[in-house]
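Trainee: Would you be able to build a 3D model of this:
(chains A and B)
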There are 2 protein chains.
Amino acid sequence: MKCDVLIIGGGVLGFSSAYHMKRRKPDDKIVLIDRLGGPGQGNTAKSEGAFRNVFTSKTNYLLADSTIDAFTHFQQDLGYDLKLDHIGYLWLFSDEQHRRLRPVLDSMAGLGVELRFFDEELSRMIPGLVTEFTGEEAEILGLEPVDVAMQGVKCGSIDADSLVRCYERMFLEAEGEVVYGAEAKRLILEPEEELGIPGEPFVWQNVAVKGAETSKGEIRAGTTVVATGVWSERLLDPIGIDAMMRPKKRHIFVFKDPRLRSLFEVKGLNELGVLPLTVLPKSGVYLKAEVSEGSIWVGCADNLGRRFGLEDDPQPEEGYYTEGIYHVLVEYLPFFKDVRPVNMWAGQYAINGFDGIPVVAPTPGMIYVGAASGSGIMKSDALGRIAAALYVGEEEAELYGGRRFRVADLGVRSRRVEREEFII
Amino acid sequence: MKCDVLIIGGGVLGFSSAYHMKRRKPDDKIVLIDRLGGPGQGNTAKSEGAFRNVFTSKTNYLLADSTIDAFTHFQQDLGYDLKLDHIGYLWLFSDEQHRRLRPVLDSMAGLGVELRFFDEELSRMIPGLVTEFTGEEAEILGLEPVDVAMQGVKCGSIDADSLVRCYERMFLEAEGEVVYGAEAKRLILEPEEELGIPGEPFVWQNVAVKGAETSKGEIRAGTTVVATGVWSERLLDPIGIDAMMRPKKRHIFVFKDPRLRSLFEVKGLNELGVLPLTVLPKSGVYLKAEVSEGSIWVGCADNLGRRFGLEDDPQPEEGYYTEGIYHVLVEYLPFFKDVRPVNMWAGQYAINGFDGIPVVAPTPGMIYVGAASGSGIMKSDALGRIAAALYVGEEEAELYGGRRFRVADLGVRSRRVEREEFII
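Mentor: Below is the predicted model:
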């Protein structure tokens, strides 16, 4: 098969890139393949399904803020039900943490991030929240009191599956082609000008990616887009391109229990009266109310000690909740006592350890979109537009809403981004 | 075993770190281990053995320039024979390449890099050098003419084995301890304050590296230095720290043949009258005269197409010379015709794909020194001093000769370096 663009990876970054490329070049033959049987069945499906524009890096802010506007457009104007719930994000800090973060928070306000702060009223707003700790257990756990809460207003919850299906539908309606069950086995790297001599490419030849060998045969393409998330290293390592990320496992534990009902009786934080995506001041434990199914999702940002390494099917570890997260969670929200998760799963983040910001980088014949560091879905529309701008040869991409973005800033050679200080 | 500092890795970065830590803290028990039987038997032994202060990044310039001064001090003042030969580096450019590189070259001159330029006199200086090409073969190969040569003056050749033995000796004389044949199997990551509960460390505990399990038993240390080059990912991935590099194979081919004698009859480029380390204008092919053994060493900077991936014992591929490098080399220096290598080997570079600059980064209980991107030996003294400054808690390291360097600049969290544009 031959095409103008081959997109490898049917997650949200692959489909957003595919859609925006097709939008820019409606007559080009653009084909997306995925090894699985439908859209977003890799780590997109494992996502926490949350979005925020609360970042310290101006780059991240622009990528996310414009993508959130695009989501709203898809749901309100185009009629796609993305299950957008504007529940907000809520970070709980001790006074000391707040003081330490002050410069970072000020810089975010300077970017235009809408933030609200709360202090004493908080325990009335979230019924049952414990804010002060005494005693040996609290000391052993190293609990931080809750003195201040910061709410990110333009933040909330989205159904990742609905989002990727929305991009798939728009891509198909524009006559893009999708092939499921086609696994890219290796990228085809060949001389730009082939001589037909055995042993090519030689070191003196200029080489380019010219497509991929897949489980359904060879697909040749003028441009190949690698958007395979944590799996990118399997395609890129063999041709000597750094995927600029390492995979790390993250969990979601789901709870559905009448004892947790007060998390759906929250006051003054959003119109739905539910718990925002709330980050506790200890150990990176976070939780959100999942409105559509009436459940609570709990996760944790484990860093040092959680191994890097690609897993095709990462398994959740229940002990990670019962022996770890639980002991912190139950101190802040005691009604979690003895409540067991009804469901759990694990996915992998593609963590860019250098600056925590995604990469959209060209190589001859190829565009790599990845290293999204766990916040790719909420930046997906902007990243797809930037990949499309690279494809059509523009120096600046137009993000949803009209803001402009220098394409080379997300590349490697002329990378110009600010290190993100606010990674969950 | 217990010690203040455990250094894992007896290459040049490990020994330089060990020596400078011991110099700063003479009473501390500092132990270096290596899995092999002597110093520098990993990729240090595979090195091209060259040094240069010609970098575009001010950081790289400072690291290398001060390290070269330290080498000179070791040989001239302390009596270590490092086989330092100040043969220089020589880059050959076409007019077009020169024009394109102009801003980069100007910025290097601005840093204080001593550069000399040559044009027409070059073919008299290097007897037999072909500078103009016509015909089909040259066109197929895409050869660039040699119009301009740029010499880096404070550059040359060093014996990497003698250097690592010099550091080993100085470390041992300061009563540092070395254990060979001890392989670090895994880093010990434990809670900073242990409770003695099964399952530790839990997510709510602060953790730190506390030494390593080795093939000769457990070694506990206040600070563990990981200086294992491309092997660093084997220790760091399991505890979730990004080694900030990927391993890539590089070759050296050695030639000893009377037909190459004119490379030892070079005029006007160095006092030894030999070929500097010379980079051809095509495909990153380079070669140098190895004065001590009267041989020519040839290598090539292959990038796109050369896979990333750790190899314990990378094997040289003769075809990489005969089918690749040879065709370029013999056009510029026709007396290479039919000369076969008498020796060859391959090692691996630890390539930092982001900015090409080494990393010296702390984690609780640990210091990582690596990602040197193929130029670690020529920066070894500075990197060891920076690791030692981290150990003693200084914000600035004093490099050899007195220049100062902000330690956090080479870390990850507050990294502040300029992307290197001049990687060979």
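
Trainee: check contacts around the residue in the stretch 251-400 of chain A that chain B sits nearest to.
Mentor: When scored by CB to the nearest CB, the stretch 251-400 of chain A has A:Gly353 as its residue closest to chain B, at 3.3 Å. Glycine gets a C-beta too; all of them are placed from N, C-alpha and C. With contact taken as CB atoms under 8 Å, 6 or more residues apart in numbering or on different chains, A:Gly353 is in contact with A:245-246, B:242, B:244, B:412.

Trainee: Could you point out which residue ranges in chain A have low pLDDT?
Mentor: Where chain A drops to pLDDT under 70, the residues are A:423-424.

Trainee: 50 instead, please
Mentor: Of all residues in chain A, none has pLDDT under 50.

Trainee: Now do the helices in it.
Mentor: Assigned by DSSP state H, the helices in chain A fall at A:12-24, A:58-76, A:95-111, A:122-125, A:136-141, A:160-173, A:232-236, A:318-319, A:326-332, A:380-392.

Trainee: Nearest to B:Gly309, out of the ones you listed?
Mentor: Closest approach to B:Gly309 among these (CB to CB): helix A:232-236, 9.6 Å.

Trainee: Is A:Leu235 in contact with A:Ala227, as I believe?
Mentor: No - assessed by CB atoms under 8 Å, A:Leu235 is found out of contact with A:Ala227, at 10.3 Å.

Trainee: so what sits against both of these two?
Mentor: Taking CB under 8 Å, 6+ apart as the contact rule, A:Leu235 and A:Ala227 both touch A:Ile8.

Trainee: Neighbour count: these two, which is higher?
Mentor: Remark: of A:Leu235 and A:Ala227, A:Ala227 carries more neighbours, 30 against 23, as counted by other CB atoms under 10 Å in any protein chain shown.

Trainee: My guess is that one contacts A:Ala372. True?
Mentor: No - assessed by CB under 8 Å, A:Ala227 is found out of contact with A:Ala372, at 9.8 Å.

Trainee: circling back to that earlier point, filter the contacts of A:Gly353 down to the buried ones.
Mentor: Listed as buried from these are A:245-246, B:242, B:244, B:412; burial here means 16 or more other CB atoms under 10 Å in any protein chain shown.

Trainee: Among the residues you listed, which one sits closest to A:Leu143?
Mentor: Taking CB to CB as the measure, A:Leu143 sits nearest to B:Val412 out of those, at 28.1 Å.

Trainee: any chance you could read off phi and psi for the closest one?
Mentor: Backbone torsions of B:Val412, given as degrees, to the nearest 10, read phi -100, psi -50.

Trainee: Go ahead and confirm it touches B:Met244.
Mentor: Yes - assessed by CB under 8 Å, B:Val412 is found in contact with B:Met244 at 6.9 Å.

Trainee: and for the two, which residues touch both?
Mentor: Shared contacts of B:Val412 and B:Met244, defined by CB under 8 Å, 6+ apart, are found at A:353-354, B:359, B:361.

Trainee: In a markdown table: those residues, plus distance to A:Cys166.
Mentor: A markdown table is the format used below for the shared contacts of B:Val412 and B:Met244 (distance: CB to CB, whole Å):
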| residue | distance to A:Cys166 |
| --- | --- |
| A:Gly353 | 31 |
| A:Phe354 | 32 |
| B:Val359 | 41 |
| B:Ala361 | 41 |
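
Trainee: Tell me the one among those nearest to B:Leu111.
Mentor: B:Val359 (21.3 Å).

Trainee: my read: A:Pro39 touches A:Glu168, true?
Mentor: Yes - applying CB under 8 Å as the test, A:Pro39 and A:Glu168 come out as touching, 4.5 Å apart.

Trainee: ok, those two, which is more surrounded?
Mentor: Set A:Pro39 next to A:Glu168 and count neighbours by other CB under 10 Å: A:Pro39 wins out with 26 against 22.

Trainee: residue contacts, the more buried one?
Mentor: A:Pro39 makes contacts with A:10-11, A:15, A:161, A:164-165, A:167-168, A:178, as judged by CB under 8 Å, 6+ apart.

Trainee: Same check on A:Glu183?
Mentor: Residues near A:Glu183 by CB under 8 Å, 6+ apart: A:33, A:35, A:214-215.

Trainee: A:Tyr61 now?
Mentor: Taking CB under 8 Å, 6+ apart as the contact definition, A:Tyr61 lies against A:53, A:55, A:108, A:111-113.

Trainee: Relative to A:Val164, how far out is A:Lys181?
Mentor: Not Lys; residue A:181 is Gly. Using CB to CB, to the nearest Å, A:Gly181 is found at 17 Å from A:Val164.

Trainee: The two: which is more packed in?
Mentor: Taking neighbours as other CB under 10 Å, A:Gly181 and A:Val164 compare with A:Val164 leading, 27 against 13.

Trainee: about what we covered before: which one of the shared contacts of B:Val412 and B:Met244 sits closest to A:Tyr89?
Mentor: Distance to A:Tyr89, by CB to CB, is smallest for A:Gly353 among those, at 23.5 Å.

Trainee: what's the closest one sitting at in phi/psi?
Mentor: Main-chain dihedrals, A:Gly353, degrees, to the nearest 10: phi -70, psi -10.

Trainee: any idea how far B:Gly181 is from it?
Mentor: Using CB to CB, A:Gly353 is found at 32 Å from B:Gly181.

Trainee: For the closest residue to chain B within the stretch 1-150 of chain A, which residues are in contact?
Mentor: With CB to the nearest CB as the measure, A:Leu141 is the residue of the stretch 1-150 of chain A nearest to chain B, at 5.1 Å. Neighbouring residues of A:Leu141 by CB under 8 Å, 6+ apart: A:282, A:327-328, A:331, B:204.

Trainee: Apply 10 Å and report the result again.
Mentor: Residues near A:Leu141 by CB atoms under 10 Å, 6 or more residues apart in numbering or on different chains: A:133, A:135, A:282-283, A:327-328, A:331, B:202, B:204-205.

Trainee: will you turn these into TSV that also has distance to B:Met21 and neighbour count?
Mentor: What follows is the contacts of A:Leu141, written out as TSV (distance: CB to CB, whole Å; neighbours: other CB atoms under 10 Å in any protein chain shown):
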residue	distance to B:Met21	neighbour count
A:Phe133	40	17
A:Gly135	42	10
A:Lys282	34	23
A:Ser283	33	23
A:His327	38	20
A:Val328	37	23
A:Glu331	41	19
B:Phe202	32	21
B:Trp204	33	23
B:Gln205	28	21
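
Trainee: And these, which is closest to B:Val104?
Mentor: Of these, the one sitting nearest to B:Val104 (CB to CB) turns out to be A:Ser283, at 46.2 Å.
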